[in-house]
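[1] this is a predicted model, with the sequence first.
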Amino acid sequence: MHEWLETPPGRYLLAWERAQFGRAVQDIFGYHALQLGLPEIDTLATNRMPHKWLALHEPQPCNGGRRVALYTDAAALPFEANSLDLVVLPHTLELNADPHATLREVERVLVPEGKVVVSCLNPHSLWGLRQRRAHLYRRLGFGQLYLPDAGEFIGYRRLRDWLRLLNFEVETGNFGCYRPALTTDHWLDRFDWMDQAGERWWPILGSVYFIVATKRVPGIKLMGKLWKPVKARATAPVPLANRQPHMETTQETF
């Protein structure tokens with residue numbers, strides 16, 4: 001995917017995602033944040049946590065002199081359970097062989113009320129349509145793919161269902177990059193009006209989508225004895241003083 005991100009549509013996508021990540025993570029607080037994959041964009045640039053790391057699956061070029069903290073498998077992160085406040089997955093799920101295992105691992109390392117931020121390419125878009133057509137042409141012996149040929153694209157509602165099964169609550173979800181599947185800056189710029197029109201008229205057909213979700217932990221219900229048992233009423237009779245006034249009688253003599 002590194003080479004595709006250097007193409008005109010790749011730079012167009014990175015510019016949109018950079019703005020989205022900047023707004024999404026700037027007000028997420030905590031101590032430990034992790035970006036998993038895609039070193040071409042610093043998704044934690046606006047976040048103010050004291051400890052921020054970039055983790056990759058394997059060595060690859062990093063723009064801007066970014067420092068890679070560790071190389072690891074996304075489905076086996078070297079962190080204790082409930083230890084991270086924020087995990088960012090920029091196209092990590094669709095480029096991973098087992099996205100289910102990656103999400104389960106993210107749920108394990110996040111603290112309760114921790115957040116995960118995900119970006120994915122949308123298969124139900126103009127770009128996704130061209131990619132499917134290119135796959136058909138390749139079976140016939142000609143044609144070239146428009147998007148990277150790596151992993152499997154995940155639909156927006158499908159990913160929301162996966163997150164819900166892992167007790168994540170989706171807070172926000174939005175789409176972007178509505179321009180057609182073109183290959184030059186000149187033609188992409190000529191269709192820049194489609195970004196504003198797409199947000200209004202066909203919002204779910206953007207070429208990329210963005211999700212922010214929070215890890216929820218179900219509450220515990222006590223089933224044993226009450227903390228403060230109710231005192232039983234006394235059953236023995238209790239003598240009461242006679243509070244009636246003493247009546248004096250007088251005898252009248254005639």
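    Sure, I can see it. Numbering: from 1, shown residues only.
[2] what comes up buried for the helix or strand hosting residue 118?
    According to DSSP states H and E, residue 118 maps onto strand 110-121. By 16 or more other Cβ atoms under 10 Å, the buried positions in strand 110-121 come out as 110-111, 114-121. Every residue, glycine included, has its C-beta placed from N, CA and C.
[3] list the strands paired with that strand, with their directions.
    The pairing partners recorded for strand 110-121 under DSSP bridges are strand 84-90 (parallel), strand 208-215 (antiparallel).
[4] please pull up the helix or strand immediately following it.
    helix 126-139.
[5] one step back: format the buried residues of strand 110-121 as TSV; extra columns: pLDDT.
    As requested, the buried residues of strand 110-121 are arranged in TSV below (pLDDT from 0 to 100):
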residue	pLDDT
110	96
111	95
114	94
115	96
116	96
117	96
118	96
119	95
120	94
121	93
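[6] ok, so of those residues, who is nearest residue 20?
    Closest approach between these and residue 20, by Cβ to Cβ: residue 119, at 7.2 Å.
[7] looking at the strands paired with strand 110-121, which is buried most?
    strand 84-90 (a mean of 25; mean count of other Cβ atoms under 10 Å).
[8] identify, from the buried residues of strand 110-121, the entry nearest to residue 92.
    Distances from residue 92 to the buried residues of strand 110-121, taken by Cβ to Cβ, are shortest for residue 118, at 7.8 Å.
[9] wait, doesn't that closest one sit right on residue 213?
    Yes - contact status for residue 118 versus residue 213: in contact at 7.4 Å, counting by Cβ atoms under 8 Å.
[10] and the furthest pair within the buried residues of strand 110-121?
    Top of the distance list for those (Cβ to Cβ): 111 and 121, 29.0 Å.
[11] mind putting the buried residues of strand 110-121 in a markdown table, distance to residue 75 included?
    Below are these laid out as a markdown table (distance: Cβ to Cβ, whole Å):
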| residue | distance to residue 75 |
| --- | --- |
| 110 | 15 |
| 111 | 20 |
| 114 | 18 |
| 115 | 20 |
| 116 | 15 |
| 117 | 19 |
| 118 | 15 |
| 119 | 19 |
| 120 | 17 |
| 121 | 21 |
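[12] can you pull out the helices in the stretch 1-150 of the chain?
    8-25, 99-109, 126-139 (DSSP state H, counting those that start in this stretch).
[13] by how many degrees do the last one and strand 208-215 diverge?
    For the pair helix 126-139 and strand 208-215, the angle between their directions (axes from the mean of the first three to the mean of the last three Cα atoms, to 10 degrees) equals 110 degrees.
[14] quick one: contacts of the helix or strand just after helix 126-139?
    Next along the chain after helix 126-139, taking DSSP H and E as the criterion, comes helix 156-165. Helix 156-165 is contacted by residues 93, 99-100, 103, 116, 118, 120, 122, 124, 170, 173, 175, 204, 209, 211, 213 when judged by Cβ atoms under 8 Å, 6 or more residues apart in numbering.
[15] nearest to residue 26 among those?
    residue 116 (16.1 Å).
[16] if we can go back for a sec, tabulate the strands paired with strand 110-121 in TSV, adding columns for distance to residue 180 and mean pLDDT.
    Shown next, in TSV, are these (distance: least, Cβ to Cβ, whole Å; pLDDT from 0 to 100):
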stretch	distance to residue 180	mean pLDDT
strand 84-90	23	96
strand 208-215	14	95
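[17] with that, I have no additional questions.
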